[in-house]
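Visitor: sequence first, then the predicted structure, then my questions.
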Amino acid sequence: MKILIAFATLSGNTQMVSEHVADHLKGLSHDVTIMSQDELEPTQMNEYELVFLSSSTWGDGEPNPTSEVFMEKLKTHTEPFGAVKFAVFGLGDSSYAHYCGIVDRFEELLKEKGKAPIVESFKIDGYPEDEVLAQANAWAEKAVAAAV
């Protein structure tokens, strides 16, 4: 399957999880591209069968600046997304009222574009330890299975 993982990170944790998931899916013989959301134009997503959107949340549910810019591109994008499927994961801190708010915002935006995520989104609380990375891999496999 041709997969894109589009991440936004400031501290590096979201990129690290994205790279971990990409390596796992490549090990399962998928064709995986990983890139920062600041390098991605929405039209490019139509080149993939499955797109993972990943980002960190800052403060009380706010997107990091890279995701904020990318979300604005998505909002103004008018071309249909065709057959591409979407899944969303993000990092946040559950001590805030709007834990992983970026995940919720991406879900809402995708629904507005007629592309609800194909699996329940995956939220990571705090620093991604080995157990969480294993859970992220299992979640990504579910998304791939749902995209078939």
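Guide: Yep, it's here.
Visitor: for the residue most central in space within the chain, give me its contacts.
Guide: Compute the mean C-alpha point of the chain, and by C-alpha atoms, centre = their mean the closest residue is L53, 1.9 Å away. L53 is in contact with A6, Q37, F86, A87, V88, F89, F106, L110, counting by C-beta atoms under 8 Å, 6 or more residues apart in numbering. All C-beta atoms are positioned from the backbone trio N, CA, C, and that covers glycine.
Visitor: now the first one. Its backbone dihedrals?
Guide: Backbone geometry at A6, expressed as degrees, to the nearest 10, gives phi -110, psi 110.
Visitor: and the residue nearest to the centre of the chain, what are its phi and psi?
Guide: Dihedral pair for L53: phi -100, psi 130, per degrees, to the nearest 10.
Visitor: list of residues touching stretch 88-107?
Guide: Outside stretch 88-107, the residues within contact range by C-beta under 8 Å, 6+ apart are 13-14, 17, 52-57, 59-64, 67, 71, 110, 116-117, 121-126, 128, 136, 139.
Visitor: any of the residues you listed buried? List them.
Guide: For the contacts of stretch 88-107, a neighbour count by 16 or more other C-beta atoms under 10 Å gives the buried set as 13-14, 17, 52-57, 61, 63-64, 67, 71, 110, 117, 121-124, 128, 136, 139.
Visitor: partners of the helix or strand bottoming out on mean pLDDT in the chain, with directions?
Guide: Using mean pLDDT, DSSP states H and E, the weakest-scoring helix or strand in the chain turns out to be strand 62-63, at a mean of 79. Strand pairing for strand 62-63, using DSSP bridges, gives strand 50-58 (antiparallel).
Visitor: quick check: mean pLDDT of the strand it pairs with?
Guide: Averaging pLDDT along strand 50-58 yields 93.
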